[in-house]
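Participant: Got a predicted model here, sequence first, then my questions.
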Amino acid sequence: QVQVAESGGGSVQTGDSLRLTCLPSGSTHNIMTMGWSRQGPGKQRELVATITKTGDTNYAEFAKGRFTISRDNTNTMFLQMTSLKPEDTATYYCNAEYSRPYGMSYLDPRTAWGQGTLVIVSS
């Protein structure tokens, strides 16, 4: 089992920067791809960025050039956000897909989600 917890949200002004952290626990060595999603007020949850175990990244169009996803060798993941805009206001969630070894094989992978951290960007 893997659990993840986000931190780093807060209230900032337009143009400010913020760094979110996703701290995993449990069987962290089984973590594969990790990612950030967000859900703004009255909106559906949307993907922000993902990062594989080998460091390959993928970004939503709105995140390209402003957000940077990274992870360290403990599988702690970060989201560096710059040039923040009011439309970036949302609850940000991290997730971690992890493998589940079972004997000499594997069960289907699962994804752990955090409770979210709120980011508010004021104009």
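Facilitator: Yes, it's here. Numbers count the residues shown, from 1 in each chain.
Participant: Low-confidence bits of this protein, can you list those?
Facilitator: Across the chain, nothing is flagged by pLDDT under 70.
Participant: which SS class is the spatially most central residue of it?
Facilitator: Per CA atoms, centre = their mean, the C-alpha nearest to the average position across the chain is that of Trp36, at 2.6 Å. The three-state label given to Trp36 by DSSP: H, G, I helix; E, B strand; the rest coil is strand.
Participant: and the nearest residue to it once chain neighbours are set aside, what does it touch?
Facilitator: Take Trp36 and drop its neighbours on the chain: the residue closest to it by CB to CB, 6 or more residues apart in numbering is Val48, 4.2 Å away. Heads up, the C-betas are built off the backbone N, CA and C, glycines and all. Applying CB atoms under 8 Å, 6 or more residues apart in numbering, we find Val48 in contact with Gly35, Trp36, Ser37, Arg38, Tyr59, Ala60, Ala63, Phe67, Ile69, Leu79, Tyr92.
Participant: Quickly note the distance from the residue nearest to the centre of the chain to Met77.
Facilitator: Using CB to CB, to the nearest Å, Trp36 is found at 8 Å from Met77.
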